[in-house]
Each structure stands twice: as structure tokens, then as C-alpha cells.
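S.K.: how does the following fold in three dimensions:
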Amino acid sequence: MLDQQTRQARPAVPDSIGARLDRAPIGPVHRRLTAIIGVGLLFDTFENNLSGVISKVLQHDFAFNGTTLKLVLASAFVGQFVGALLLGRLADRVGRRTAFLVNLALYSGFSLLGAFSPNAEWLIATRFLAGVGIGAEQALSDCYLADVLPANRRGRFTAWAYTIAFCGVPAVGFAALWLVPLSPLGIAGWRWLFVLGSLGSAVVWVLRRQLIESPRWLAAVGRREEAERLTALLEGRAPGEPPATPAVPDAPAPRVRVRAVFSPRFLRRTVMLWLFCVLSVVGYYGFGTLAPQILAAKGYGVVAGLGYTAASFLGYPLGSLLSVPIMERMERKLLAALSASVMALAGLGFGFANGAASVVVCGVLYTLASNVFSTVSHVYLAEQYPTAIRAAASGTAYSLSKLSAAALPFVLLPVLQQHGAGALFGVIAAAMALLTLTVLTLGQRTTGRPVDH
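M.R.: Purely as a prediction, here's the structure:
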């Protein structure tokens, strides 16, 4: 009893903003922020799969040759490479919330302009500029959720955000299946898909104005009063109510430049992340972007191909939903390696499948595994660097995935055209095997650990 009274009489150990955020109970504010981020990400996934889904239709309407088709498929990803670099740095300088508003405004405007494309050149240019806008969306979302969510629930709630997000993939598949054969108001159905993406992201831009700034970022740049107020909000405390333990007066973090990712402290994880990002895209977008082309090579018509693609895309939200209960129970790098291995096997099955049923089953299994993989990779990426450089460093690594995605049509389409779907998925399986080896040998354990460490 005496020891207990003595402990109670001692002053509480001061806490930093980050430590308090990591211990905060999940409340309505966390849930609302997660939902707003998830809805914004939905339009990112819509955008990433849009060109691939309607590629055969565009090829017919504009009479694309092989090179032009590759440029159309690559243009949005090149734009996303640029956007991930620029807007990631912007987020570390002016805040996560401001960067979110800038990126969605750019995407919404140029996606709408893309709907009025009179020729391939206009379409390529608007897809590139829309990509600049949406390019940092996933990296910014990952960093923001890592900033505001408690350490022991970070993976689970990020998985919920991506479950919402990946409803955008079957959404674009079924919207294309519905609209492509039609011409509402005399306008080609594929153009309405661009309008949907633009108007939807404009609505999300309004919702994003409700986001609070990251308290970790505010503390890192010396805005202590704002950081304390928002931390209290996330802790569920009434205005003016003192915290359970007094807060350390967070001093502004020393300025850390992005080149610190090559310092001895971060070099191993930087090498791992860069290889991880480049290779992951081969598996993830290699299917999502080229599925209609693969089905066309198997002899399916445009409408039938869109139907099987849309059905296969149902695995995307199911995969993210599956990751929710296991995200905090399994070490991130092990889950990434396991899901990448399943992708490799399901992809080979899809490549060699002949009947419609086996195509859809293998397609759903592939997309389901790929979204367990995608969700865990987004959480893992955001857990590697400190707050001061998190958005820029993660954005740089993430931008490489977009550059890799831009190269995919030029690398994988010739393999498909010359050697068939089996050879294409052989290349994808090899990339997934190399990724698995990389993350198991170089990756570090992060599950449940504070991101400030």
C-alpha cells in the first residue's frame, strides 16, 4: 500500500505529443478522419485503373497504334511520379492538409478536361496532368494516417481506409461495363467515366476541408499550441482539460533533409523500400492495367472482357477487408511476403486459364491477394521514416512505383503480344519472388511500434 501511495505521489512522467497520440483511445475523430481519407483514396484507385479498363475502347475510337496506346497507359503514371515527388515535399513544408487540397483540385480539373479530349495528344496531356494531381494521394494518406492513429491500431484502421478505397476498382470496372456501350446525351460512354472521376473528387475536396492538420507535423515545425489542441481532440478530452500526464514542450525538430535517407541510419530501409516499390508495381498494376488486353489476347470480345475484368476486380475490396483482422496480428514484412507469393501463383493460373470460370476465379484470387499485399505495403511504407521527412521520403520511394508503372506497358505488352499471357505472368511471378526475398532479408519489423522511433 505504501509503495502504491508513493508511486501516486510522484509527478507523472512528461509525454511528447507523439507518445500521447500513440496511446490515445480510438474515438469518433479517428473514425471520421479514416473515412475521409478512404473516400479520397477511392478516386485514386478509380484513376489508376481507368485507362487500362477502357484501353480497348480508346484504341478503337482513336485508332491508336501500339506506341500511342502505350503512351496513353503510361502518361497518368508518369504524372503520378512527378506529383509524388513534388507534393510529398510540399506536405513536409506546408502541412498534410494543404497538400491534400492541392492534389485533389489538380486531379479534378484535369480529369474533367480529359473527358473532352478530341485526339490522343490531348488525352495523353490531360492524363499526365491529372496524374500529377493524384500522384501523392496514397503516400500522403499513408503518412497522415501514420501521424494521427495510435500505434497499436494503425494497421487496422489504415486497412479500413483502403477497404473503402479499393471499392473504386470494381466501381470503374462496372461503370465501364455499363457506360461504354452507351452514349448518354450523345456523348461517348467512356468520356462519362472521366466526368465521374472529376465530380466525385470535387465532392471529396469539400470533405477534405474537414481534416485536421497532423499534430506530429505541427509539433515538428514548432506550432506547439495548435499541436496540443488537436492532440487533446484526438485523446477525446474536453477543451481545457489537462492530459493524464503533462506534455513535454515539444521543441521544433531539427531540420532534416530528404537526402538523410542515404545516411547509415536509413540506408538499409531505403534500399529495401526502393526495390520494394519498383517490383510491387509489376505485380499490382501488371494485372490491373493490362487485364482487358490479356483477355483480348485470349479471344474475348470488348464487352465480355470488361465483364470478366469487372468480376475479377471484386477481389480488390475483399482483399483489403480480409487484411483488417490480420494487420495487427502478423508482422508487416511477413504478411507482404506471403501475399506476394500468392499473387505469383494466382497470376500463373490466370495466365494459363482457358474457360471463363477459371479466368474469373484466378482473377478474383489474384486481386484479393494483391490487395492484402497493397494494404500492408502502404502501412509498412509510412512506418520507415521520422515525421520531419516522412511525406517527402515516402513520396520519393512511392514515386518510383509510378515510374515503374509507366514503363510497364512498354515492357509487358510486347511480352503479351509475342509470347502470350503465360509468359507475361511468368515475368510477374519472377518479380514477386525477388520482392519477397528483398523484404524478408532487408525489411525491419514495424508492427505496433511508434513511428517516431
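
S.K.: how about the closest residue to Arg23 other than its chain neighbours, phi and psi?
M.R.: In space, and not counting its chain neighbours, Arg23 is closest to Pro150: 6.5 Å by CB to CB, 6 or more residues apart in numbering. Every C-beta, even on glycine, is put in place using the N, C-alpha and C of the backbone. Backbone torsions of Pro150, given as degrees, to the nearest 10, read phi -60, psi 150.

S.K.: pull the number of nearby residues for Pro150.
M.R.: By other CB atoms under 10 Å, 19 other residues sit near Pro150.

S.K.: now do the one 10 residues further on
M.R.: If you count neighbours by other CB under 10 Å, Trp160 ends up with 23.

S.K.: what is the rounded mean pLDDT of the host helix or strand of it?
M.R.: Taking DSSP states H and E as the definition, one finds Trp160 inside helix 154-165. Helix 154-165 shows a mean pLDDT of 89.

S.K.: one more: stretch 325-338?
M.R.: Stretch 325-338 comes out with an average pLDDT of 92.

S.K.: list the buried residues of the following helix or strand past the helix holding Trp160.
M.R.: Note on helix 154-165: by DSSP H and E, the next helix or strand toward the C-terminus is helix 168-179. For helix 168-179, the neighbour count (16 or more other CB atoms under 10 Å) marks Gly168, Val169, Pro170, Ala171, Val172, Gly173, Phe174, Ala175, Ala176, Leu177, Leu179 as buried.

S.K.: of those residues, just say which sits nearest to Leu86.
M.R.: The nearest member of those to Leu86, counting by CB to CB, is Gly168 at 23.4 Å.

S.K.: gap between the closest one and Ile36?
M.R.: Distance, Gly168 to Ile36, using CB to CB, to the nearest Å: 15 Å.

S.K.: do Ile26 as well
M.R.: Between Ile26 and Ile36 the computed distance is 16 Å (CB to CB).

S.K.: for these two, indicate the residue with more neighbours.
M.R.: Higher neighbour count among Ile26 and Ile36: Ile36, with 21 against 16, using other CB under 10 Å.

S.K.: contacts only, for the more buried one.
M.R.: By CB atoms under 8 Å, 6 or more residues apart in numbering, the contact list for Ile36 reads Val204, Leu207, Arg208, Gln210, Leu211.

S.K.: pull the CA atoms of stretch 269-276 into CSV?
M.R.: Provided in CSV are the C-alpha atoms of stretch 269-276 (Å, rounded to 0.1, in the frame of the first residue of the first chain):
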residue,chain,number,x,y,z
ARG,A,269,15.5,0.6,-45.3
THR,A,270,15.8,3.0,-48.2
VAL,A,271,17.3,0.3,-50.5
MET,A,272,14.6,-2.1,-49.4
LEU,A,273,11.8,0.4,-50.0
TRP,A,274,13.0,1.5,-53.4
LEU,A,275,13.3,-2.1,-54.6
PHE,A,276,10.0,-3.0,-53.0
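
S.K.: buried residues in that stretch, which are they?
M.R.: For stretch 269-276, burial by neighbour count (16+ other CB under 10 Å) applies to Arg269, Thr270, Met272, Leu273, Trp274, Leu275, Phe276.

S.K.: neighbours of Met107, how many?
M.R.: To be clear, residue 107 is Tyr; Met isn't right here. Neighbourhood size, Tyr107 [other CB under 10 Å]: 31.

S.K.: re earlier: selecting buried members of the contacts of Ile36 in PyMOL, what would you type?
M.R.: What follows is the PyMOL syntax for the buried subset of the contacts of Ile36, where burial is set by 16+ other CB under 10 Å:
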select buried, resi 204+208+211
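
S.K.: any chance of JSON lines for the contacts of Ile36, columns pLDDT and secondary structure?
M.R.: Formatted as JSON lines, the contacts of Ile36 follow (pLDDT from 0 to 100; DSSP: H, G, I helix; E, B strand; the rest coil):
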{"residue": "Val204", "pLDDT": "85", "secondary structure": "helix"}
{"residue": "Leu207", "pLDDT": "87", "secondary structure": "helix"}
{"residue": "Arg208", "pLDDT": "88", "secondary structure": "helix"}
{"residue": "Gln210", "pLDDT": "87", "secondary structure": "coil"}
{"residue": "Leu211", "pLDDT": "91", "secondary structure": "coil"}
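
S.K.: could you dump the contacts of Ile36 to TSV with distance to Ala120?
M.R.: Converted to TSV, those look like this (distance: CB to CB, whole Å):
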residue	distance to Ala120
Val204	29
Leu207	34
Arg208	32
Gln210	39
Leu211	37
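
S.K.: between the contacts of Ile36, which sits nearest Glu331?
M.R.: Nearest to Glu331 among the contacts of Ile36: Leu211, at 30.2 Å, using CB to CB.
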